[in-house]
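A.B. asks: Give me the fold of what follows.
(4 chains)
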Number of protein chains: 2
Amino acid sequence: MAAVDLTTHPGHLARRLQQAHYLLWNTMVSEEITSPQFAVLNALVAEPGLDQRTVGERVGLDRSTIAEVISRLGRRGLLDKVRDPQDGRRFLLRLTDDGLRTHRKLTVRTARMNQVFLAPLSAAEQSVFFELIQRVADAAEGLRNPAEPPAEQRQAFTNNTHT
Amino acid sequence: MAAVDLTTHPGHLARRLQQAHYLLWNTMVSEEITSPQFAVLNALVAEPGLDQRTVGERVGLDRSTIAEVISRLGRRGLLDKVRDPQDGRRFLLRLTDDGLRTHRKLTVRTARMNQVFLAPLSAAEQSVFFELIQRVADAAEGLRNPAEPPAEQRQAFTNNTHT
DNA sequence: CCGAAATAGTCAGTGCCCTGAGTAATCGGC
DNA sequence: GCCGATTACTCAGGGCACTGACTATTTCGG
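C.D. replies: Modelled structure (predicted):
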């Protein structure tokens, strides 16, 4: 009986958490627009005119996935995609009026859903919940990008205009 | 600027957490066997001879997804699938020697990976991390299955929303 | 015993998520 | 100006995850 207890495996818990969220989203927010799609809309509300790659970076999606998501949003007429005249490799993205409207509508529903989703936790626990997950996710993402200068002159040459 | 802050959205955090885990699993555990596949192997180590549906229930996968995962494990020769002579609808699943060996090997690596993954948290924080995620996931799953208890002695109604 | 309901599994369709390979445009050094 | 490196995006391919419709088998009511 060498079986392990999956309830102490963060990966398994993360998967279950996401499934639970998916379910609730589907019933309380939208059957059309998914959570990652909403994240893209949201990124473009905050920063209209971003290119595809940067949007992916903002919401945490790789180049292939972000392309698919954007293509679906484009088909639904929620955003426009135009070549950057300054850089012919890029596509600049911008929400349509419909996209903006959709974002507004879903923002309200999403807030309600989050309340229901987090109801089992007290306000204090919710803060801890966010903080711990974020620490783990950030750290793991850090492992992926080794790069980073040798700690010496960490800030010296960093891009000071990145906001 | 009606954009929201995704770092307070549990769904977004859950997705990022899972992605981070996926990455680490791929580099530290296996590129062949995925985390859900390992969960299935583990369930069959604990309870050999389970049928497909029950395995899905144990690891949290629906009937379609579990069918795919099991088919892949079968193709790799890690488990056998035989009709239940008692009930012709069921397939009974059992690990092969190779499947058992694979599970043993991955168990070790998975433990190492979990350590790295959770390294940003203290031991106490790790417990909280597990507990909070599990509470949220369990509660959301509860919403899906509307009250099946036959009014026996159910404390579900004493919903502790006031904490 | 027989037909309806329930159950286990399959299949088609949609969407997310990654890697690796390939294309087109830009940038940098000489 | 030219060539190689970098960068933005596309495409093929594999895997996870869900729903809804379908088949086969068992179970249950009458």
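A.B. asks: Could you tell me the model confidence score at A:G142?
C.D. replies: On the pLDDT scale, A:G142 is placed at 81.
A.B. asks: May I ask which helix or strand encompasses it?
C.D. replies: Secondary structure from DSSP states H and E places A:G142 in helix A:123-144.
A.B. asks: That helix near chain B anywhere?
C.D. replies: Yes - residues of helix A:123-144 contacting chain B under CB under 8 Å from any CB of the partner chain: A:125, A:128-130, A:132-141, A:143-144. Glycine gets a C-beta too; all of them are placed from N, C-alpha and C.
A.B. asks: Can you read off the pLDDT for the closest residue to DNA strand C within chain A?
C.D. replies: Closest residue of chain A to DNA strand C, CB to the nearest atom of the strand: A:G88 (2.6 Å). At A:G88, the model reports a pLDDT of 89.
A.B. asks: So which residues on chain A come close to DNA strand D?
C.D. replies: Residues of chain A lying near DNA strand D by CB under 7 Å from any atom of the strand: A:15, A:18-19, A:22-23, A:26, A:51-53, A:63-64, A:67, A:87, A:89-91.
A.B. asks: ok, the residue of chain A closest to DNA strand C - how many residues close by?
C.D. replies: Using other CB atoms under 10 Å in any protein chain shown, the number of residues around A:G88 comes to 8.
A.B. asks: ok, now A:V69?
C.D. replies: A:V69 has 20 nearby residues by other CB under 10 Å.
A.B. asks: which of the residues of chain A next to DNA strand D has the most neighbours?
C.D. replies: A:R15 (24 neighbours).
A.B. asks: And for it, nearest residue in space, chain neighbours not counted?
C.D. replies: Among residues not flanking A:R15 along the chain, B:Q18 sits closest, at 5.9 Å (CB to CB, 6 or more residues apart in numbering or on different chains).
A.B. asks: in what helix or strand does the one you found lie?
C.D. replies: helix B:10-28.
A.B. asks: and the angle for that helix with helix A:123-144?
C.D. replies: Relative orientation of helix B:10-28 versus helix A:123-144 (axes from the mean of the first three to the mean of the last three CA atoms, to 10 degrees): 30 degrees.
A.B. asks: on that earlier part again, just the buried ones from the residues of helix A:123-144 next to chain B, in PyMOL syntax?
C.D. replies: Buried subset of the residues of helix A:123-144 next to chain B, written as a PyMOL selection, criterion 16 or more other CB atoms under 10 Å in any protein chain shown:
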select buried, chain A and resi 125+129+130+132+133+134+136+137+139+140
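A.B. asks: quick one, helices of chain A?
C.D. replies: A:10-28, A:35-46, A:52-59, A:63-75, A:97-118, A:123-144 (DSSP state H).
A.B. asks: name the helices or strands packed onto the fourth one?
C.D. replies: It refers to helix A:63-75. helix A:35-46, helix A:52-59, strand A:79-83 (3 or more CB pairs under 8 Å, 6 or more residues apart in numbering or on different chains; DSSP states H and E).
A.B. asks: Can you check which of the ones you listed gets nearest to chain B?
C.D. replies: Comparison of the helices and strands packed on helix A:63-75 against chain B by CB to the nearest CB identifies helix A:35-46 as nearest, at 3.6 Å.
A.B. asks: pLDDT weak spots in chain A?
C.D. replies: Within chain A, the stretches with pLDDT under 70 are A:1, A:145-163.
A.B. asks: Give me the spatial nearest neighbour of the spatially most central residue of it, chain neighbours excluded.
C.D. replies: When CA atoms, centre = their mean is applied to chain A, the residue found nearest the centroid is A:V59 (3.1 Å). In space, and not counting its chain neighbours, A:V59 is closest to A:A39: 4.1 Å by CB to CB, 6+ apart.
A.B. asks: who are the neighbours in contact with that neighbour?
C.D. replies: Residues in contact with A:A39, defined by CB atoms under 8 Å, 6 or more residues apart in numbering or on different chains, are A:V59, A:G60, B:L6, B:H12.
A.B. asks: Now for these: which two are most distant?
C.D. replies: Pairwise distances across those (CB to CB) peak at 8.8 Å, for the pair A:G60 and B:L6.
A.B. asks: if I look at A:T27, how far off is A:L61?
C.D. replies: To A:L61, A:T27 is 24 Å away according to CB to CB, to the nearest Å.
A.B. asks: These two: who's more crowded?
C.D. replies: Neighbour count, other CB under 10 Å: between A:T27 and A:L61, A:L61 has more, with 21 against 13.
A.B. asks: Enumerate every residue touching the more buried one.
C.D. replies: A:L61 is in contact with A:P36, A:V40, A:V69, counting by CB under 8 Å, 6+ apart.
A.B. asks: Likewise for A:N26?
C.D. replies: Contacts of A:N26 by CB under 8 Å, 6+ apart: none found.
A.B. asks: Grab the nearest non-local neighbour of A:R16.
C.D. replies: Distance criterion CB to CB, 6+ apart; nearest residue to A:R16, sequence neighbours excluded, is B:A137 at 4.5 Å.
A.B. asks: what comes up buried for stretch A:71-86?
C.D. replies: Within stretch A:71-86, the residues scored as buried using 16+ other CB under 10 Å are A:R72, A:L73, A:G74, A:L78, A:L79.
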